[in-house]
Structures are given as structure tokens and as C-alpha cells.
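[1] sequence plus predicted model, see below.
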Amino acid sequence: MKTGKELKPGTVIRLENDPWLVQKAEFTKSGRNSAIMKTKLKNLLTGYKTEIVYSADDKLDDVILDRKEATLSFISGDTYTFMDTTDYTMYELNAEDIEAVLPFIEEGMEDVCEAIFFEERLVSVELPTTIVRKVAYTEGSARGDTSGKVMKPAKLANGTELQVADFIEIDDLIEIDTREGGSYKGRAKK
Amino acid sequence: MKARWDIFCSVVDNYGDIGVTWRLARQLVAEHACDVCLWVDDLRAFERMCPQIDVQQDLQWQEGVEVRHWPAKWVKVPAADVVIAAFACQLPPDYMEAMAERERVPLWMNLDYLSAEDWVVGCHRLPSVKFKGVQKYFFFPGFRPGTGGLLREAGLLERRRAFQQDAGAQRDFLQALGIVPALDARLISLFAYENAGLASWLDVLSTDGCATHLLVPEGRILGDVQRWLGVDRLVAGDIQQRGSLTVQVIAFVRQEQYDRLLWCCDFNAVRGEDSFVRAQWAGRPLLWHIYRQDEDIHLDKLDAFLELYTADLSPAASAALIGLWQAWNTEGDMAQPWKMLLEHWPEVNLHAEAWCLEQGLQADLATALVQFYESWI
């Protein structure tokens, strides 16, 4: 059993006997300390997609899933091919299935992801909590700040934009926390 | 055949829950010819704004609304065509069974809290859980197109404008409440939660060149007023003078009277949800004391509203208004922000009316609920 608050991309819940993959989950505090989770769901049997809002304390039947380690093999258009690191089996996912982690997926990444399987079918992947990416573009330091408190925008190689510390430069490696949409964590060692 | 609506109201704290649901219930009856039953778990709280309620009666009729006590031990009744759980309250399990037993499933809605945040548009009218085939939907009031709008009775703005143009009607109304402000006094209403910042505001009002008559309905802010005045107890009818400030405590009044009170005042300090909306319909400058939430989430909600509300103000007036609201909601020093607001008074005053008219262009909440039901069936 999972609560509405615990839903996250990659979770599969059972609604009226059908398995539904959570593709996106946005947690929001409503009024008087109550909260809701807006989800984007995909029916794993029919492919039908829908949006559902849950209260944080709604109880939902979750489906036990298999998890394996996998790495990104290649990208072709909207299709992302991952490889099982133990038996080298290739699995395909489309962009929508990994919408939540898409901003941090890029060609050549070596992160060992967690591939999520429902009845031997790959349905989603989760990135490690911390990943390292190279900054493709950012403006020079505006104020010469070295504290890390002043932030500025930066772009990754795949076009994803995020806020980084003011002292970060082009080609610097940065650590990103992939939870809750992804945020700059610090400068990584080269 | 008329649709029957059951509205469930669990009074958690204060009067916002019952204030909103009581207005909604009456409007659905008066303007949409609905059969409405309002289930209230705390009739004592209801009695404050509807004194004719008999708190001993489990079932009674008030202004065309069937009012029923929501007992701790539920007695099974048939479910209505439309079921509204106000402010995410949990329906009685036996009532949910009754919903599922209906031949034709009812429309089940969670009427959620009011927020100006942009995520509201994306969640409004979306489905939620199902209980034995009965689908729940989220319905959000709001300020933006694409939300459920705000509670606003038909003709409200016209009645308000006529009243504000009738000095005699205002004088008579105030006199009936025992309020006789000096002719040149600025009239302010103060309805708020406890607020340590109040003293600094009262300090500046009491030393102002302009006289202020402050009306304080009985409520949670009264303790702070007492402390500032240095008195042990204040009750309705008490009047205290400090410099240019007159403080008058007034009784908790019915909703219609409170509306008129807001219409009479030059400035309204309001709180929570119901009085906040009503102050906007008054078309006068206002100050909102938002309901405090864990992790200061309420400040994000305050900022979201301010971003919308101040969008058409000049940068200087906007900064003054934002400064005052933020000071009030962080219990900061109110003296300087109040003086800054006064410098932009004419613009802020005109803007309050313009904002009211702009919001009045949207469908009101009761109509939006009825339209949703009609499209759902």
C-alpha cells in the first residue's frame, strides 16, 4: 500500500485491477497543511493516459516491481534504449515514460540507473540520487561570489537549464540532486 | 426534478469552513433552485454567524437550506445527486456506502482551499480516487481563468456600489451597530489572527495626523488589542481612545452585516478565506492575514496572490502594498510599511475597485459548480 504522498515517477499502482505507471508526480501543499499529489498515469495494459489528483493520505494499492541495474545505450529520436548491465539485454522506452528524469538523460552518460520492470517489461528508469553533468553554457561570474549562495542559470549539453553557483564556469562538472525535479548540489571534481 | 446537493462541513477551527459552505448553500438554493442539505458537525460555530440556528435541533430549515447536524455516530441516509466534501473533509463511511448503492452514481467533489498559485489551474476539475465506482473530483476556487472562481451572489457588486454611494444608508447601518465615527475619521475594520505586529500599527495610527476609527469584531486578535491598550478585557461595545485612534469592539455579526461593514470601511484587515474574498468584493484596499501553515508554506501562497493582485499597480505602489502585507504576515514592524502605503493611497484605492471588477468578470463559484454538474451528467 502506498499513500498519495509517496507516489513518484516509476511507481506502478493498481486502479480497478489495471496497473498504472506514474509518469509524473507533482506534490503541492494545499490549505491548512493538507497536501495533494497531481499525477500523470499510463495504463500499462492499454497505453491510455490520464491525470489524477490524490490527497496526500489517500491509500493506493501499489504493484511490486522488479528492479535491475541498467545503463543508457543510445538515443534515437524519442526512443531511449537501456541495457541490462548483467545480461546485456536491450530495452526501449519512449520519452514520455521517463518524463520525470528526461532533463538529465544525455548521450554518453555512464550513470547506473535503476530499471523498473512490470511483468518482465521495462516501464521506467530511475537515476541515481546524485549525478554529475558538464555545464555546456553559462554566463561569467557577475559578482565574483565564491560562497555558493549567489546563483545563476546554466545549460547542460542536452539543453536542460538549472540554477548553479555563480562561480561555475563552462565545462565545469557539477553534481545534481535528481530528486524533486533536480537541483544543483555543488561542483564536482574533474 | 431538482438535483439534491449534500454539502459536508467539518468545522476544524475558526469560521472559514462554515462561512464558505453556508454562503454556498444559500446561493445554490436562491439562484440555482437546488435542494441543498448542509451537514455541519459543529452547530455552535454555525450559530455565531447564523444566530437563528437552534443548536439542539438535528434537522432544521434556514433560508431555504436544510441544515443537519453531522453527528459523530452517523445515521444512515440516502446519498444526494451531488456530494461536496468541503475543504477535504472525510465523508462518513456509511454515507460513502450510500453513494455507491445509488442506482445512478452521484457527483462527488472535494471543494478545496482557495489559492492564487498557478498549479491550481492544472488540478481544477481533475478526477481523484474512486470508491466502489463513485469517482471523486477536485474542485478549486481561484482568481485565475480556469479555476472555479470565487463565491459571489448575483447582483452583489451592484448592491455594494449602491450602498457605498448612499451616505445615509451607511450612517444608519453603522449607527444600528453602535458605530458613530467622527466625520473625517478613516474607518478601518480589523479581523485577524493573533499578530505581534499589531502594536506597531496601532502606534502609528494613534500618532497619525488623520483620525482613525478602528472596528474590531470579537475574535482572536482581541488579546493583542487589549495588550496594546493596557486593559484586562474588552467586550463588544467597548470604545477606547488613544491619541488619534479610536478602538471600538463590535459583536460578531451575520454575514450580510459583515459585508456591509466592509463596504463602509476605507480599509479592511481580513483573514483566512471567507472574509478575504468578501473584502475584495468591497472594492476597498485590504490587508490579508493568511492562515499560517507549517514550513511557512503560507508565505508562498501570499506571494502568489500578491503577484496577481499587484500586476497592474505602479512599481512604487506595488512595493508599498507588498511591504505592508509581508510585514503583517511575518509579524514585523508595521509603522513604515503603513506610511508607505498611505503615500500611494489614491492609486491603491482605485486599484481595489478595478481588481474587484476584474474578478467579477469570472463565473462565480456556485455557478461553476452547477455548470460542472450539468456537464458531468
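    Right, received. Where do you want to start?
[2] got a list of what residue 21 touches?
    Answering for chain A, as no chain was given. Applying Cβ atoms under 8 Å, 6 or more residues apart in numbering or on different chains to A:L21 gives the contacts A:G10, A:T11, A:V12, A:L41, A:K42, A:L44, A:D97, A:F118, A:V123, A:S124. Using the backbone N, CA and C atoms, a C-beta is placed for each residue, glycine as well.
[3] my bad, the chain I had in mind was chain B
    By Cβ under 8 Å, 6+ apart, the contact set of B:T21 is B:I7, B:C9, B:L38, B:V40, B:I84, B:A86.
[4] which pair in those residues spans the largest distance?
    Farthest pair in the contacts of B:T21 (Cβ to Cβ) is B:V40 and B:I84. Separation: 12.8 Å.
[5] pull out the buried residues from stretch B:232-252.
    Buried positions in stretch B:232-252, judged by neighbour count with 16 or more other Cβ atoms under 10 Å in any protein chain shown: B:L234, B:A236, B:D238, B:Q240, B:S244, B:L245, B:T246, B:V247, B:Q248, B:V249, B:I250, B:F252.
[6] again, but for stretch B:54-65
    Across stretch B:54-65, burial judged by 16+ other Cβ under 10 Å covers B:Q60, B:Q62, B:V65.
[7] quick one: which of those residues is nearest chain A?
    Nearest to chain A among the buried residues of stretch B:54-65: B:V65, at 24.0 Å, using Cβ to the nearest Cβ.
[8] for B:H298, phi and psi?
    Phi and psi for B:H298, reported as degrees, to the nearest 10, are phi -60, psi -30.
[9] ok, how many other residues are close to the nearest residue to it once chain neighbours are set aside?
    In space, and not counting its chain neighbours, B:H298 is closest to B:I290: 4.7 Å by Cβ to Cβ, 6 or more residues apart in numbering or on different chains. Residues lying near B:I290 (other Cβ atoms under 10 Å in any protein chain shown) number 20.
[10] OK, contacts around B:I290?
    Residues near B:I290 by Cβ under 8 Å, 6+ apart: B:R271, B:G272, B:H298, B:L299, B:K301, B:L302, B:N329.
[11] now pLDDT, secondary structure and neighbour count too, for the residues you listed, in JSON lines please.
    Below are the contacts of B:I290 laid out as JSON lines (pLDDT from 0 to 100; DSSP: H, G, I helix; E, B strand; the rest coil; neighbours: other Cβ atoms under 10 Å in any protein chain shown):
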{"residue": "B:R271", "pLDDT": "95", "secondary structure": "strand", "neighbour count": "24"}
{"residue": "B:G272", "pLDDT": "90", "secondary structure": "coil", "neighbour count": "25"}
{"residue": "B:H298", "pLDDT": "95", "secondary structure": "helix", "neighbour count": "19"}
{"residue": "B:L299", "pLDDT": "95", "secondary structure": "helix", "neighbour count": "15"}
{"residue": "B:K301", "pLDDT": "96", "secondary structure": "helix", "neighbour count": "21"}
{"residue": "B:L302", "pLDDT": "97", "secondary structure": "helix", "neighbour count": "21"}
{"residue": "B:N329", "pLDDT": "98", "secondary structure": "helix", "neighbour count": "21"}
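[12] nearest to chain A, of the residues you listed?
    Among those, B:K301 lies closest to chain A (Cβ to the nearest Cβ), at 8.1 Å.
[13] pLDDT score for the residue nearest to the closest one when sequence neighbours are not counted?
    Once flanking residues are discounted, B:K301 sits nearest to B:S115: 5.4 Å by Cβ to Cβ, 6+ apart. Looking at B:S115, its pLDDT stands at 96.
[14] and stretch B:218-231, anywhere near chain A?
    No: judged by Cβ under 8 Å from any Cβ of the partner chain, stretch B:218-231 makes no contact with chain A; its nearest approach is 15.4 Å.
[15] average pLDDT for that stretch, rounded please.
    Per-residue pLDDT over stretch B:218-231 has a mean of 96.
[16] could you tell me the end-to-end distance of that stretch?
    15 Å (Cα to Cα, to the nearest Å).
[17] pull out the buried residues from that stretch.
    B:E218, B:G219, B:I221, B:L222, B:D224, B:V225, B:Q226, B:W228, B:L229.
[18] output the lowest mean pLDDT helix or strand found in the chain.
    No chain was given, so I picked chain A. Least confident helix or strand, chain A: strand A:121-126 with a mean of 90, by mean pLDDT, DSSP states H and E.
[19] correction: the question concerned chain B.
    Min over SSEs of chain B, mean pLDDT, DSSP H and E: helix B:43-49 (a mean of 91).
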